[in-house]
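Enquirer: pasting the structure only:
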């Protein structure tokens, strides 16, 4: 649904649902959204008859905060096997159909044929289609490519830029950054974010290399950088790395991001379901765990010599599927599980003042779920961007 299609839509929407989780369960069944923000929650809410109101009656559905995916290759990833292996862009419909209202666009290995400017253009296109979209400046390599020629200027002058990423470490595709280069990058990001009034996280891709999270351990041990500035992702690509991620989270009070690999949702040994379950069993507080999709990125295969041997394109179906399984298998109740893909993510990104909750003053970003936890409708800023 495009911006033009919404231009004449009522500025006020009333949702009447069966239950509301904000993420905690509320004693309310109605949500009133005015000018994109939640204006009231309660029962039997009403507005004057002559006001421009759209009413959504969904008594069999549960309203929850729309999901936030902090790692999406909005312009497509790939390229490890040449130009013919580039992944396609993502469409707004593919985002909203999963109950996702907010995404953060990211570049990966290929920052030559695709640039931060391409990501910004796609982010603005998704916004025009009703999705709340942001981006990281940079890519795998260090020094990172930027929009303005400087990380701090990107953060200060480009509203959509909320951090730097995905910077690759412990990966044969990375630029093998030194400890000094990593520290300088994170420090530049921190200062630029302070000047811009943003969180300014550094989103780190962690590869299969034996160094694992050690570069980030040294960063937090040897500098004054706070742990909430640094988010490692893909920490469930092997057992030893997941164990290290648990130790990292517990030692520094840091948040770690689990990738919902979509080759076998919910069953693969490295699935997000198994990873979250394992992190919880190792004592990591649920508040320090997030999930993301790596959607439209490449899933490349390499032979023993490190040569490209083929690839698949990642989807976001496993993000929803693994999250649902955590609830169905009673690993987490619904209210706590919501944080993994909404509230905790909003905090990590610095968006917690307006996203990740259903409360007065927050954005009207809402997913309506059926009894099987499947999204039936997704609203962003009070506008319906998906309806099954």
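Expert: That came through, no problem. Model, not experiment: these values are computed from the prediction. Residues are numbered from 1 along each chain as shown.
Enquirer: And the chain, what are its domain boundaries?
Expert: 3-65+357-387, 67-349 (automatic domain parsing).
Enquirer: pLDDT below threshold where in this structure?
Expert: Low-confidence segments of the chain (pLDDT under 70): 1-10, 77-86, 263-267, 297-314.
Enquirer: what's in contact with the biggest helix by length in the chain?
Expert: Across the chain, the longest stretch assigned as helix under DSSP state H is helix 179-196. Applying CB atoms under 8 Å, 6 or more residues apart in numbering, the contact partners of helix 179-196 are 142-144, 151-156, 163-164, 167, 169, 177, 199-202, 215-216, 218-219, 222-223, 225, 229-230, 350. C-beta: built from backbone N, CA, C; applies to glycine.
Enquirer: what's the helix or strand for residue 379?
Expert: Taking DSSP states H and E as the criterion, the element that holds residue 379 is strand 375-380.
Enquirer: what are the pairing partners of the very next helix or strand once past that strand, and which direction each?
Expert: Sequence-wise, the next helix or strand beyond strand 375-380 is strand 383-387, with elements assigned using DSSP H and E. Partner strands and pairing direction for strand 383-387 (DSSP bridges) are strand 375-380 (antiparallel).
Enquirer: Distance from the strand it pairs with to the middle of the chain?
Expert: 17 Å (CA atoms, centre = their mean, to the nearest Å).
Enquirer: Buried residues, it. List them.
Expert: Within strand 375-380, the residues that qualify as buried by neighbour count (16 or more other CB atoms under 10 Å) are 375-380.
Enquirer: Now do the same contact list for residue 168.
Expert: Applying CB under 8 Å, 6+ apart, we find residue 168 in contact with 108-109, 140-141, 174-175, 204-205, 207.
Enquirer: Of the residues you listed, which belong to strands?
Expert: The strands, defined by DSSP state E, take in 204-205 from the contacts of residue 168.
Enquirer: Max pairwise distance over the contacts of residue 168: which two?
Expert: Looking at these by CB to CB, the two members farthest from one another are 109 and 204, with 14.4 Å of separation.
Enquirer: out of these two, which sits in the busier spot?
Expert: Taking other CB atoms under 10 Å, residue 109 and residue 204 do not tie; residue 204 has more neighbours (27 against 22).
Enquirer: quick one: contacts for the more buried one?
Expert: Taking CB under 8 Å, 6+ apart as the definition, contacts of residue 204 comprise 165-169, 216, 230-233.
Enquirer: how about a cut-off of 10 Å?
Expert: Residues touching residue 204, when contacts are defined by CB atoms under 10 Å, 6 or more residues apart in numbering, comprise 164-170, 174, 182, 185-186, 213, 215-216, 219, 230-235, 257.
Enquirer: Which ones among those residues map onto strands?
Expert: Counting by DSSP E, the contacts of residue 204 place 164-169, 230-233, 257 in strands.
Enquirer: Now do the helices in this protein.
Expert: Taking DSSP H as the criterion, the chain carries its helices at 3-6, 92-96, 116-128, 151-157, 179-196, 214-222, 239-252, 272-281, 317-328, 334-341, 343-349.
Enquirer: I am finished for the moment; much appreciated.
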